[in-house]
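Undergrad: Have a look; sequence and predicted model below, questions after that.
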Amino acid sequence: MENLINIFVKSIFIDNMIFAYFLGMCSYLAVSKTVKTSMGLGIAVVFVLGITVPVDYLINKYLLTAGALTWISPALADVDLSFLSFIMFIAVIASMVQLVEMVIEKFSPALYSSLGIFLPLIAVNCAILGGSLFMQEREYASVAEATSFGLGSGVGWFLAIVGIAAIREKIRYSNVPAPLKGLGITFIITGLMGIAFMSFMGIKL
């Protein structure tokens, strides 16, 4: 249990998808104009990461890695389907995003309208694919660890986009120099937030 909490906390603060790896920056910058919209997209990303990472873990462990198909037949021990990782992971992500899109459209049409094209673009959000690839690279021992990592990565992305949205709402009333208005000051604030999150690297987990 302690290991799961460590993975969860580390993926939020130390290995934050935005501030440590700068993954998912396109929707992070485009949608973070209001807190309400950012929260909607952030929750959708948490859900998609929380589902796709453990599902991709199971696919990777029981289908793709070398010798994974021995549960079907010992004769398949030499089969290695790891070259299919990208296409399989992307297929799972696209399916989950389609499900999220249908649910949001049905239960929150206003949020669906405000998110616009960026909701289906979660399917090509590199933070989502990055979560599955990091899971594969780090070789987590169980589906619980993969789930903890996926949820933590989603929560970290959620905190990042809601944080920058809250700041952007406030700086509308600030005297920002004209050349830096819009994305310019947003990039600067993102860099400062990234430096702030680096302070968590000193935490021993």
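TA: Thanks, I have it.
Undergrad: Now do the helix or strand hosting Ala127, average pLDDT.
TA: Assigned by DSSP states H and E, Ala127 falls within helix 126-138. For helix 126-138, mean pLDDT is 92.
Undergrad: starting at the chain centroid, how far to that helix?
TA: Taking CA atoms, centre = their mean, to the nearest Å, one finds helix 126-138 lying 9 Å from the centre of the chain it belongs to.
Undergrad: which other residues reach it?
TA: With CB atoms under 8 Å, 6 or more residues apart in numbering as the test, helix 126-138 has contacts from 15, 17-18, 21, 23-24, 45, 48-49, 52-53, 56-57, 60, 85, 89-90, 92-93, 97, 122, 146, 149-150, 153-154, 157. No exception for glycine: its C-beta is placed from N, CA and C like everyone else's.
Undergrad: Stretch 70-90 too?
TA: Here stretch 70-90 makes contact (CB under 8 Å, 6+ apart) with 52, 56, 59-60, 62-69, 123, 129, 132-133, 136.
Undergrad: Among the residues you listed, which lie within helices?
TA: Thr52, Asp56, Ile59, Leu129, Ser132, Leu133, Gln136 (DSSP state H).
Undergrad: would CSV of those with neighbour count and distance to Val9 be doable?
TA: Below are the ones in helices among the contacts of stretch 70-90 laid out as CSV (neighbours: other CB atoms under 10 Å; distance: CB to CB, whole Å):
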residue, neighbour count, distance to Val9
Thr52, 26, 21
Asp56, 26, 22
Ile59, 21, 26
Leu129, 19, 23
Ser132, 29, 20
Leu133, 16, 21
Gln136, 20, 21
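Undergrad: which one of those residues sits closest to Lys170?
TA: Nearest to Lys170 among the ones in helices among the contacts of stretch 70-90, counting by CB to CB, is Leu129 at 32.3 Å.
Undergrad: ok, now how distant is the closest one from Glu105?
TA: 23 Å (CB to CB, to the nearest Å).
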